[in-house]
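> quick one, structure for this:
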Amino acid sequence: MSSELAIKVSALSKCYHIYDNPQDRLKQILMPRLQRIVGFPEKHYAREFWALRDVSFEINKGETVGIIGRNGSGKSTLLQLICGTLNPTSGDVQTNGRVAALLELGSGFNPEFTGRENVYLNASVLGLTREETDERFDDIAAFADIGQFIEQPVKTYSSGMLLRLAFGVSINVEPEILIVDEALSVGDELFQRKCFSRIETIKDAGATILFVSHSGATVVDLCDHGFILDAGELIGVGQPKNMVAKYHKLLYAPTQSRNAIRLDIMRTSLADGEKLFPSSLTQTSASMATKLPAADAIMEYFDPHLVPQSTISYESRGTFIRNPQILTLAGERVNCLKRGKTYRYCFEVFFEQSANNVRFGMLIKTTAGTELGGAVSALHRGDTIVVVSAGTLAKAEFSFVCALNAGVYFLNAGVLGTFNGEEMFLHRLIDLAMFRVFPDTEYLSTGVVDFGINPEYELISLS
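The predicted structure is shown next:
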């Protein structure tokens, strides 16, 4: 292993045996051997599940690598194999330097020990002497910021306190290789920012960081390279922004297109000189890539499974919203949208009772509930519909340009009117519909909303 390498992974695989019932474990141990002795064909009593299959890569010292992939793609298994907490079925892992890992909340902590005792226990596992831990203890305690709870058994800790202490130990042992699994999703915003700031400091000091996250923005901001894991295989390596875009394209693709997109990611990684795959896959992936549907066909369609599970209905006052749809300008129903195109958000409103001063509204939100913006049919009271008779069916339609970057978004719908002399919602539905926006690998906009600002600039020669 070269002295410039921090991590080298060679043909790494991990297989688990899945048993349908406890008795099959004993049968699997005893029966194949007996069957061989008596000359019978061997029978297996377990099903194989390959959590990781033939993964190879190298990470140089000082690099920060982000691993992205769907749940069950093998990310956590890979990190555990690198850290040595799991043994591989086949293949080899080599590391060059002190490894500190934050894999699972409180992993390696003894719940009966106090926070102080667990600090010394974990530090010793990471290779620190007691004297070295003594020197660092105040920094660890200050970072964790859990006060006198550090003298209490960790079984009494909240998840946030446990994370603070675990992270405090991991980053204060001066790791040469820091491995972080999705643990930083726990804790409040201030502590998360504190953690990322410290990770940036460790990175600037020359440490190697291997980072797993479901947040594409975090991978783009923090990492030098991005890895895509899918179904236990490493299918892509490249610039973080490009890899996140390709991952989102794979994640949100219709079922019939997913395999072609997957192979296209592999082919482009090979074209970029990344030697990730067996040579036998090169020809297959290249030939399959020609079957990849056109971008428009992939990025704009209706997914019947994209249905919100968080819909909340306000009390109706004789008015009912129904049949929400997103339509293209040509009238085709979609909920998987292409950035930059114009769509129509439509819904029907049935008036069981007459209503006065009526107006309709809509709102677009992120998955976290942040209200991005919306529209109403009348900005002023004088522009409302003065009277709507009972038995009327109204159709509300809002056109909008999809100026949103890749992600999933939710739609509200509301009807306002005068009730008992006050303006209020006659009916309102929260998270009535949802849609996703696919990534555009050729577009460099950042954040959630593309404001379409074209800055002016001037180059002045100082020579």
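
> now tell me which helix or strand of the chain has the poorest mean pLDDT.
The element with the least model confidence among the helices and strands of the chain, by mean pLDDT, DSSP states H and E, is helix 279-289, at a mean of 40.

> mind pulling up the pLDDT for His427?
Per-residue confidence (pLDDT) for His427: 94.

> using CSV, write down the CA coordinates of whatever helix or strand it lives in.
Secondary structure assignment for His427, by DSSP states H and E: strand 422-437. Included here for strand 422-437 are C-alpha records, laid out as CSV according to Å, rounded to 0.1, in the frame of the first residue of the first chain:
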residue,chain,number,x,y,z
GLU,A,422,-65.0,37.6,8.8
GLU,A,423,-62.7,36.4,6.1
MET,A,424,-61.5,32.9,6.7
PHE,A,425,-60.8,29.6,5.0
LEU,A,426,-64.0,28.0,3.7
HIS,A,427,-61.8,24.9,3.1
ARG,A,428,-58.1,24.3,3.2
LEU,A,429,-56.0,21.2,2.5
ILE,A,430,-52.3,20.9,3.6
ASP,A,431,-50.0,18.7,1.6
LEU,A,432,-52.8,18.0,-0.9
ALA,A,433,-50.4,17.0,-3.6
MET,A,434,-46.7,16.5,-4.1
PHE,A,435,-44.2,16.6,-7.0
ARG,A,436,-40.5,16.0,-7.6
VAL,A,437,-38.1,18.0,-9.7
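
> against which helices or strands is it packed?
Strand 422-437 makes packing contacts with strand 312-313, strand 319-328, strand 336-337, strand 342-351, strand 355-366, strand 407-419 when contacts are defined by 3 or more C-beta pairs under 8 Å, 6 or more residues apart in numbering; DSSP states H and E. Backbone N, C-alpha and C define where each C-beta goes, glycine included.

> CSV for those strands, including mean pLDDT?
Putting those into CSV (pLDDT from 0 to 100) gives the following:
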stretch, mean pLDDT
strand 312-313, 86
strand 319-328, 96
strand 336-337, 92
strand 342-351, 96
strand 355-366, 93
strand 407-419, 91
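
> among those, which is nearest Lys8?
Counting by C-beta to C-beta, Lys8 lies closest to strand 407-419 out of the helices and strands packed on strand 422-437; the figure is 35.3 Å.

> list the neighbouring strands of the closest one plus their orientation.
With DSSP bridges as the test, strand 407-419 is paired with strand 355-366 (antiparallel), strand 422-437 (antiparallel).

> what angle separates that strand from strand 319-328?
With axes from the mean of the first three to the mean of the last three C-alpha atoms, to 10 degrees as the basis, strand 407-419 and strand 319-328 are set at 140 degrees to each other.

> which parts of strand 407-419 are buried?
Neighbour counts using 16 or more other C-beta atoms under 10 Å place Gly407, Tyr409, Phe410, Leu411, Asn412, Ala413, Gly414, Val415, Leu416, Gly417, Thr418, Phe419 of strand 407-419 among the buried residues.

> noted, bye for now.
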